[in-house]
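**Q** sequence first, predicted model second:
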Amino acid sequence: MERKGKEEGRRESLGGLCRVWVSGEVTKKTFSSPHKIQVTHSMPPHKIEIFKSMENWVEENVLIHLKPVEKCWQPQDFLPDPASDGFHERVEELQERAKGTPDDYFVVLVGEMITEEALPTYQTQINILDGIRDETGASPSSWATWTRAWTAEENRHGDLLNKYLYLSGRVDMKQIEKTIQYLIGAGMDVQMENNPYLLFIYTSFQERATFISHGNTARLANQHGDKSLAQICGIIASDEKRHETAYTKIVEKLFEIDPNGTVLAFADRMRKKITMPGLLMYDGCDENLFEHFSAVAQRLGVYTAKDYVDVLEFFVERWNVEKLTGLSSEGRKAQDYVCGLAQRLRKLEERAQEKAKQAPTIPFSWILDREVRL
């Protein structure tokens with residue numbers, strides 16, 4: 001069958017299988033933000049001094065949550081050694097264990113790995129923030145040191161999961177690799193506005209969310225009899241917990257220095273919602289891929305609407321938002337909004353659970369177009 005002319009670049013669905021023929025043309029829509037209006041530099045310029053004044057505090061209180069490279073685990077610690085005589089036997093054992101793991105679990109594991117692999121986007125987000133950006137690419141400032149070292153630690157997560165999935169024999173690596181390229185090309189527009197207040201609230205929330213999700217994939221891997229995979233997911237979860245601690249302390253300090261500005265940012269961030277960083281993922285087939293991946297994660301209990309609300313409640317309590325005093329009238333409104341939000345979200349969570357009971361079954365290109373219930 002010839003695929004030329006107008007057929008190039010066309011998407012067809014044949015028997016539920018997604019076929020994509022690429023003409024080489026890159027469309028702007030593929031890599032564009034869902035937000036028509038993009039706000040930049042929303043933090044008042046005078047507040048940059050707050051972050052400059054925190055340099056010594058960051059060095060003493062945040063950098064301690066990094067580990068020396070020589071004491072860090074590396075992906076190879078958990079994978080068959082290609083230089084060893086028993087490499088092929090170890091791979092066969094890994095694949096045998098993977099056979100007992102259901103397809104829906106692999107959909108979630110792939111989605112988590114793709115999210116981790118979009119790390120260049122996350123470092124870019126931090127490095128466009130007013131007051132903390134790495135001005136040279138190798139700045140000795142405490143903020144820049146944290147960003148680079150945090151990125152280096154996070155980089156191991158995607159590496160480890162990617163190599164495991166490649167060796168498992170259960171997934172379509174080319175479709176996964178295309179999804180990663182699409183996602184990095186699309187970027188991440190979560191309405192950060194070059195504002196470090198919004199960023200640090202977001203990363204606190206996000207690191208706790210990934211701690212929960214990787215912890216749950218570890219739990220499920222154990223239930224499916226793959227203790228090695230459970231260890232992989234568990235070690236990643238432990239990193240996320242350590243990073244969560246660092247970001248949480250930063251926001252805690254901001255509440256101490258600037259309670260009014262920080263509670264306003266917290267309310268603003270929650271109105272915008274904590275959108276997951278993989279929101280724009282696309283595999284060349286499914287234009288609602290993130291929504292479908294998230295639905296499977298919700299059904300399996302890996303990361304749910306309940307978890308989202310639990311994380312919100314955790315930070316409201318951890319940052320003592322209800323006890324803030326001396327706020328402006330706008331600050332008090334923001335305080336009331338944030339403190340009452342969890343109760344409102346619980347009602348939406350109940351509706352989401354009812355909707356999930358009617359979910360269809362669809363194919364995922366990541367797992368060779370096998371079908372999974374959403």
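**A** Everything's here; your move.
**Q** does I362 count as helix, strand or coil?
**A** strand (DSSP: H, G, I helix; E, B strand; the rest coil).
**Q** can you map out the strands along the stretch 251-374 of the chain?
**A** For the stretch 251-374 of the chain, the strands defined by DSSP state E, counting those that start in this stretch occupy 361-364, 370-373.
**Q** what sits up against stretch 237-245?
**A** Here stretch 237-245 makes contact (Cβ atoms under 8 Å, 6 or more residues apart in numbering) with 65, 67, 150, 153-154, 156-157, 203-204, 207-208, 210-211, 214-215, 218. In this view, the C-beta of every residue, glycine as well, is placed from N, C-alpha and C.
**Q** one more time with 10 Å
**A** With contact meaning Cβ atoms under 10 Å, 6 or more residues apart in numbering, stretch 237-245 is reached by 62, 64-67, 72-73, 116, 150, 153-154, 156-157, 203-219, 311, 314.
**Q** write the PyMOL selection for whichever of those residues are buried.
**A** With 16 or more other Cβ atoms under 10 Å as the criterion, this PyMOL line picks the buried residues out of the contacts of stretch 237-245:
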select buried, resi 62+65+66+116+150+153+154+156+157+203+204+205+206+207+208+209+210+211+212+213+214+215+216+217+218+219+311+314
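**Q** filter the contacts of stretch 237-245 down to the ones in helices?
**A** 116, 150, 153-154, 156-157, 203-219, 311, 314 (DSSP state H).
**Q** give me the below-cutoff pLDDT ranges for this structure.
**A** Within the chain, the ranges that satisfy pLDDT under 70 run 1-36, 356.
**Q** tell me where it has helices.
**A** 48-53, 55-61, 87-98, 103-117, 119-126, 142-168, 173-186, 196-223, 227-257, 259-272, 289-300, 305-318, 329-356.
**Q** got a markdown table for those, with distance to E371 too?
**A** Shown next, in a markdown table, are those (distance: least, Cβ to Cβ, whole Å):
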| stretch | distance to E371 |
| --- | --- |
| helix 48-53 | 49 |
| helix 55-61 | 48 |
| helix 87-98 | 19 |
| helix 103-117 | 8 |
| helix 119-126 | 30 |
| helix 142-168 | 19 |
| helix 173-186 | 15 |
| helix 196-223 | 20 |
| helix 227-257 | 23 |
| helix 259-272 | 34 |
| helix 289-300 | 11 |
| helix 305-318 | 24 |
| helix 329-356 | 17 |
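**Q** looking at those, which is closest to L374?
**A** helix 289-300 (3.9 Å; Cβ to Cβ).
**Q** for the closest one, buried residues please.
**A** Buried positions in helix 289-300, judged by neighbour count with 16+ other Cβ under 10 Å: 289-290, 292-300.
**Q** hang on, the earlier thing: deepest-packed of the strands of the stretch 251-374 of the chain, please.
**A** Neighbour counts (mean count of other Cβ atoms under 10 Å) averaged over each of those peak at strand 361-364, with a mean of 18.
**Q** and the closest residue to L280 other than its chain neighbours, how far from V62?
**A** Once flanking residues are discounted, L280 sits nearest to A186: 3.8 Å by Cβ to Cβ, 6 or more residues apart in numbering. According to Cβ to Cβ, to the nearest Å, A186 stands 30 Å off from V62.
**Q** next one: P75
**A** 25 Å.
**Q** then I50?
**A** In terms of Cβ to Cβ, I50 sits 15 Å off from V62.
**Q** the residue nearest to Q38 when sequence neighbours are not counted: how many residues sit nearby?
**A** Closest residue in space to Q38, ignoring its immediate chain neighbours: D189 at 6.7 Å, by Cβ to Cβ, 6+ apart. Other residues lying near D189 total 15 when counted by other Cβ atoms under 10 Å.
**Q** ok, D189 touching L279?
**A** Yes: using Cβ atoms under 10 Å, D189 is in contact with L279, at 8.3 Å.
**Q** now for G137: which residues touch it?
**A** 127, 144, 148 are the contacts of G137 under Cβ under 10 Å, 6+ apart.
**Q** quick one: contacts for the spatially closest residue to S141 that is not a sequence neighbour?
**A** Counting by Cβ to Cβ, 6+ apart, S141 lies nearest to E55, which is 6.3 Å off, once chain neighbours are set aside. E55 sits next to 132, 141-143 when contact means Cβ under 10 Å, 6+ apart.
**Q** save those residues as CSV, and put in distance to K272 and neighbour count too.
**A** Listed next are those as CSV, based on distance: Cβ to Cβ, whole Å; neighbours: other Cβ atoms under 10 Å:
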residue, distance to K272, neighbour count
I132, 20, 24
S141, 28, 18
S142, 28, 19
W143, 23, 24
